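[1] here you go, sequence then predicted model.
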Amino acid sequence: MKSIALLAATVSLLTVATGARAQELPQRILDAGSIAVATNPNYAPIVYKDPATTELMGLDIDLGEAIAEELGVEIEWQETEFIQMLPSLQTGRVDMAMAGMSDIASRRETVDFVDYMNSGAQFYTLTSLASEVSEPSDLCGRTVGASRNTNWPNDIAAWSEENCVANGLDPIEVVGTEGSVDARTQLKSQRLDAAVQGNETLPYFQDLEPGTYVLIGEPFTRTLAGIPTLKSEEGAQIRDAVEGALKRLVESGRYAEIFASYGLQANALEEIEVNAGQ
């Protein structure tokens, strides 16, 4: 009798768990069997393309596939410009986005974020310029660039105001670039004295181009990267589904394994939260 009761209880728990998980996503997505996700493969090692095969790869790709598997659907990646990601959510072209997007207050006016990664803005320069700009204060009065599609130009300006202007030094001349690739190109041509990227990306480029880049100081901001979903009834369903899937991936250890495979253990979160960015 105990065995029968135990079997019945197990079946009941599995049924409840499966049913709850299936109800997490909107019926439209369940019927299609896939979820549409915007990405921009210009942010290695978070998301980029294999140079040999042009196949999408990176932490976000692996994590996105794991989330989709957890939710029992396929993932349909849609490449788009970073600046078009939130409009794509608003027009219903995609259901969410994964491209290391920072969870900041201005973006939360239209979307909710399921935060999944810790990040920080990091100054860096060329090794050949390191003797001139060996510490952050050396950047005062110099030209520093970062992608204009991110919050980094604002972060640089705020840092300059607090650390340069407040100390009677010339402010940093902030240059908004077309992206991080453009920032590195301008740095190499010495149109910039330094640049800024997320601290999760720079070790990859230091390995890719040994002896080219050197970090200046420590990250000067702390931000959370999140998965945006639209502020709507359906968007809230997707948000909650993704949050639940990520929490299960944390509990199973798969989340930590994915971060470790890219050497990004320091960027993993201890707890998955919604709209926890500053």
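    Noted; the coordinates are in hand. Residues are numbered from 1 along each chain as shown.
[2] contacts and neighbour counts: CA atoms only from here.
    Will do.
[3] where does Glu270 land in three-state SS?
    Assigned by DSSP: H, G, I helix; E, B strand; the rest coil, the conformation of Glu270 is strand.
[4] ok, which stretches of the stretch 151-278 of the chain are strands?
    Counting by DSSP state E, counting those that start in this stretch, the stretch 151-278 of the chain has strands at residues 173-177, 194-198, 213-216, 223-230, 268-274.
[5] of all those, which one is nearest Arg239?
    strand 223-230 (6.0 Å; C-alpha to C-alpha).
[6] helices and strands around that closest one, which ones?
    For strand 223-230, the elements it packs on are helix 85-90, strand 96-97, strand 111-119, helix 233-252, judged by 3 or more C-alpha pairs under 8 Å, 6 or more residues apart in numbering; DSSP states H and E.
[7] shouldn't Glu70 be in contact with Lys247?
    No - at 10.4 Å, Glu70 does not count as touching Lys247 under the criterion of C-alpha atoms under 8 Å.
[8] contacts only, for the residue positioned nearest the centre of the chain.
    Centroid-nearest residue in the chain: Gly100, 1.5 Å away (criterion: C-alpha atoms, centre = their mean). Contact criterion C-alpha atoms under 8 Å, 6 or more residues apart in numbering gives Tyr43, Ile46, Asp60, Met117, Ala225, Gly226, Ile227 as the residues in contact with Gly100.
[9] what's the lowest-pLDDT member of the residues you listed?
    Summarising pLDDT for these: the lowest-scoring member is Tyr43, with 88.
[10] Asn267 - nearest residue in space that isn't next to it in sequence?
    Asn118 (4.7 Å; C-alpha to C-alpha, 6 or more residues apart in numbering).
[11] got the contact list for that neighbour?
    Asn118 is in contact with Arg222, Thr223, Leu224, Ala225, Ala266, Asn267, Ala268, Leu269, counting by C-alpha under 8 Å, 6+ apart.
[12] and the last one, how many neighbours?
    I take that to be Leu269. The burial count assigned to Leu269 is 17, neighbours taken as other C-alpha atoms under 10 Å.
[13] tell me the spacing between it and Phe259.
    To Phe259, Leu269 is 10 Å away according to C-alpha to C-alpha, to the nearest Å.
[14] wait, Val250 sits on Glu257?
    No - in this structure Val250 lies outside contact range of Glu257 using C-alpha under 8 Å: 9.4 Å.
[15] who's more crowded, those two?
    Regarding Val250 and Glu257, a neighbour count based on other C-alpha under 10 Å identifies Val250 as having more, with 18 against 15.
[16] contacting residues around the residue lying closest to the more buried one once chain neighbours are set aside?
    Distances taken as C-alpha to C-alpha, 6+ apart place Ala256 nearest to Val250, at 6.7 Å, with adjacent residues excluded. For Ala256, the residues meeting the contact criterion (C-alpha under 8 Å, 6+ apart) are Val250, Gln265, Ala268.
[17] would you show me how to pick out the buried ones of the contacts of Asn118 in PyMOL?
    In PyMOL, a selection of the buried entries from the contacts of Asn118 looks like this (16 or more other C-alpha atoms under 10 Å):
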select buried, resi 223+224+225+267+268+269
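[18] which of the contacts of Asn118 lies closest to Val94?
    Closest to Val94 out of the contacts of Asn118 is Ala225 (18.4 Å), distances taken as C-alpha to C-alpha.
[19] what's the separation between the closest one and Ala38?
    15 Å.
[20] and for Ile156?
    As defined by C-alpha to C-alpha, Ile156 lies at a distance of 27 Å from Ala38.
[21] tell me where the stretch 51-200 of the chain has helices.
    If DSSP state H, counting those that start in this stretch is used as the criterion, the helices of the stretch 51-200 of the chain fall at 59-71, 85-90, 152-163, 180-188.
[22] which ones are touching the nearest residue to Pro228 once chain neighbours are set aside?
    Nearest in space to Pro228, with sequence neighbours left out and distances taken as C-alpha to C-alpha, 6+ apart, is Phe113 at 4.5 Å. Contact criterion C-alpha under 8 Å, 6+ apart gives Asp103, Gly226, Ile227, Pro228, Thr229, Arg239, Val274, Asn275 as the residues in contact with Phe113.
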